[in-house]
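Novice: Give the three-dimensional model of this entry:
(chains A and B)
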Protein chains: 2
Amino acid sequence: MGSDRRAVILLSGGLDSTVLAAAMLQDGWELSALSVDYGQRHRRELDAAEAVAQALGIPHRILDLSWFASLIPASSQTDRSVPVPHGHYAQATMKVTVVPNRNMVMLSLAAAHALGIGAQAIAIAAHAGDHAIYPDCREEFMRDFLACVRSGNWDADALHLHRPFVAMSKADIARIGCDIGAPTHLTYSCYEGEQVHCGRCGTCVERKEAFDLAGAYDPTEYRA
Amino acid sequence: MGSDRRAVILLSGGLDSTVLAAAMLQDGWELSALSVDYGQRHRRELDAAEAVAQALGIPHRILDLSWFASLIPASSQTDRSVPVPHGHYAQATMKVTVVPNRNMVMLSLAAAHALGIGAQAIAIAAHAGDHAIYPDCREEFMRDFLACVRSGNWDADALHLHRPFVAMSKADIARIGCDIGAPTHLTYSCYEGEQVHCGRCGTCVERKEAFDLAGAYDPTEYRA
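Specialist: Just a heads-up that it's a prediction; the model follows:
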């Protein structure tokens, strides 16, 4: 492990980015983790990110963009007056959870940090299950993002956007997490923001399903 | 003038973005101005942005990214221990003034805001004089940025990146500013950050030259 394999990873505190961080550490990457406070409804997932980073022994910073929500219209992810939709994650009703340009903002900050510290990669755990409702989790966006970072900066031609999950399902990720012993018990996915996962919102439904399809042990306590 | 011509403009408090804002208002655009506190050496240019926005009668917000400088290596624009280079702006010595990925971060935030309020455009005053040292002021970057915003968001195909100065010189901009009566006397360009322009740093040299080449009245008081 050395500085020739250094990456800045976006760590949300959810299952996907936690498994990615654990997998990259196993592969010999040296990681710096960034979480972004973009005015989420709750801090619960930022606390989870902090716990995961500690468990993995990687440096972690939370970037304060708490005013970000005021730039955008009401979203269930940033405005407590918008109800959290229940049901399956991939449904059209989940569009209310979209925050415009979120990944571009977060990845742009991660790219600045990566270029600043001389890292070779930025890492993001976007996966195929996100594609239906989040265009900024798709391969096309990832490719365009990297082109933009490269054309906008000196010495960025070698910067890589590590996105190994982009064509995988969340069940694939749960299986990998189980196989490598990622600290999935510390992760948090629920849109409700209570201490215990609600078990009914889109991400809870998706999370349960992922562990189930993977035939992996689900360490999560669900209220429902 | 109506909401069918609404744009979010990045307003630095310098000459270029001030002339762009004034020109767009004359063309019938409704503007919302954003400035970004990215940990600049000084607040002087943010104060200038505020004064310009007031003079033009447009809403203005300063986004707090004051921690941004801590993500990146020492730059003369964010670290007071790095001396400001003197001489002409387009020289290699000016590379120390580059802040990695700065325009991508600022434009990404502007795009989120534009999508959030239903604006049709983001506007930036990057010009040809910046190209030598700032890759994120070039047309190639602008094109890649727009592709990325469009692939990463719903309903962004019609979003436009207004960059009319991208092939112009700063002298062209000074001439336009003079012709349309833009409040250039309120703008601030100096890297030193004192109340009065130093007259010797790269941007001061460039500013003086621009007014001179344009044959336009330079309202600036220079110390040297």
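Novice: quick one, longest helix in chain A?
Specialist: Secondary structure of chain A per DSSP state H: the longest helix is helix A:102-117.
Novice: ok, is that one in contact with chain B or not?
Specialist: Yes - judged by Cβ under 8 Å from any Cβ of the partner chain, helix A:102-117 comes into contact with chain B at A:102, A:103, A:104, A:105, A:108, A:109, A:111, A:112, A:113, A:115, A:116, A:117. C-beta coordinates here come from the backbone N, C-alpha and C atoms, glycine included.
Novice: Including neighbour count and distance to residue A:222, could those residues go into CSV?
Specialist: Below are the residues of helix A:102-117 next to chain B laid out as CSV (neighbours: other Cβ atoms under 10 Å in any protein chain shown; distance: Cβ to Cβ, whole Å):
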residue, neighbour count, distance to residue A:222
A:102, 24, 26
A:103, 25, 27
A:104, 27, 32
A:105, 25, 31
A:108, 27, 35
A:109, 26, 33
A:111, 28, 36
A:112, 25, 38
A:113, 22, 35
A:115, 25, 41
A:116, 20, 40
A:117, 14, 39
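Novice: got CSV for these, with distance to residue B:128 too?
Specialist: Putting the residues of helix A:102-117 next to chain B into CSV (distance: Cβ to Cβ, whole Å) gives the following:
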residue, distance to residue B:128
A:102, 32
A:103, 31
A:104, 26
A:105, 28
A:108, 24
A:109, 28
A:111, 25
A:112, 24
A:113, 29
A:115, 24
A:116, 27
A:117, 31
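Novice: Helix, strand, or coil at the residue of chain A positioned farthest from its centre?
Specialist: What lies farthest from the middle of chain A is residue A:154; by Cα atoms, centre = their mean that is 27.2 Å. When classified by DSSP: H, G, I helix; E, B strand; the rest coil, residue A:154 comes out as coil.
Novice: where's it relative to residue B:22, distance?
Specialist: Distance of residue A:154 to residue B:22, computed by Cβ to Cβ, to the nearest Å: 32 Å.
Novice: who's in contact with the nearest residue to residue A:38 once chain neighbours are set aside?
Specialist: Distances taken as Cβ to Cβ, 6 or more residues apart in numbering or on different chains place residue A:68 nearest to residue A:38, at 4.2 Å, with adjacent residues excluded. Contacts for residue A:68 (Cβ atoms under 8 Å, 6 or more residues apart in numbering or on different chains) come out as A:38, A:39, A:78, A:99, A:105, B:109, B:112.
Novice: related to what we said a few turns ago, quick one, grab the pLDDT at the residue farthest from the centre of chain A.
Specialist: Looking at residue A:154, its pLDDT reads 91.
Novice: pretty sure it contacts residue B:101?
Specialist: No - Residue A:154 is beyond contact range of residue B:101, at 10.5 Å (criterion: Cβ atoms under 8 Å).
Novice: returning to that earlier point: next structured bit after the longest helix of chain A?
Specialist: With elements assigned by DSSP states H and E, the helix or strand that comes after helix A:102-117 is strand A:121-123.
Novice: got a list of contacts for that following strand?
Specialist: By Cβ under 8 Å, 6+ apart, the list of residues contacting strand A:121-123 from outside reads A:6-10, A:20-21, A:24, A:29, A:31, A:107, A:110-111, A:114, A:159-163.
Novice: do that again at 6 Å, thanks
Specialist: With contact meaning Cβ atoms under 6 Å, 6 or more residues apart in numbering or on different chains, strand A:121-123 is reached by A:7, A:8, A:9, A:110, A:111, A:114, A:160, A:161, A:162.
Novice: Distance check, the first one against residue A:58.
Specialist: When Cβ to Cβ is the yardstick, residue A:7 and residue A:58 sit 10 Å from each other.
Novice: These two - which one has more neighbours?
Specialist: residue A:7 (22 against 19; other Cβ atoms under 10 Å in any protein chain shown).
Novice: contacting residues around the more buried one?
Specialist: A:29, A:31, A:119, A:121, A:123 are the contacts of residue A:7 under Cβ under 6 Å, 6+ apart.
Novice: For chain A, which segments count as helices?
Specialist: Going by DSSP H, chain A shows helices at A:15-26, A:44-56, A:102-117, A:139-152, A:170-180, A:202-214.
Novice: What residues of the first one count as buried?
Specialist: Yep, that's helix A:15-26 we're talking about. Neighbour-count burial for helix A:15-26 flags A:15, A:16, A:17, A:18, A:19, A:20, A:21, A:22, A:23, A:24, A:25 (criterion: 16 or more other Cβ atoms under 10 Å in any protein chain shown).
Novice: The second one and residue B:164, how far apart?
Specialist: To tie it back to what came earlier, the one meant is residue A:16. For residue A:16 relative to residue B:164 (Cβ to Cβ), the value is 41 Å.
Novice: Pull up the residues of chain A that are close to chain B.
Specialist: A:71-73, A:100-101, A:104-105, A:108, A:111-113, A:115-116, A:135-136, A:140-141, A:144-145, A:147-148, A:151-153 (Cβ under 6 Å from any Cβ of the partner chain).
Novice: And residue A:13, how close does it get to residue B:130?
Specialist: Residue A:13 sits 39 Å away from residue B:130, going by Cβ to Cβ.
Novice: Sorry, wrong one. I was asking about residue A:167.
Specialist: 38 Å.
Novice: so residue A:171 touches residue A:210, yeah?
Specialist: Yes - if you go by Cβ atoms under 6 Å, residue A:171 and residue A:210 touch, sitting 4.6 Å apart.
Novice: of these two, who's got more company?
Specialist: Comparing residue A:171 with residue A:210 by other Cβ under 10 Å, the one with more neighbours is residue A:210, at 24 against 19.
Novice: Nearest residue to the more buried one in space, please, no chain neighbours.
Specialist: Using Cβ to Cβ, 6+ apart, the closest residue to residue A:210 is residue A:170 (3.9 Å).
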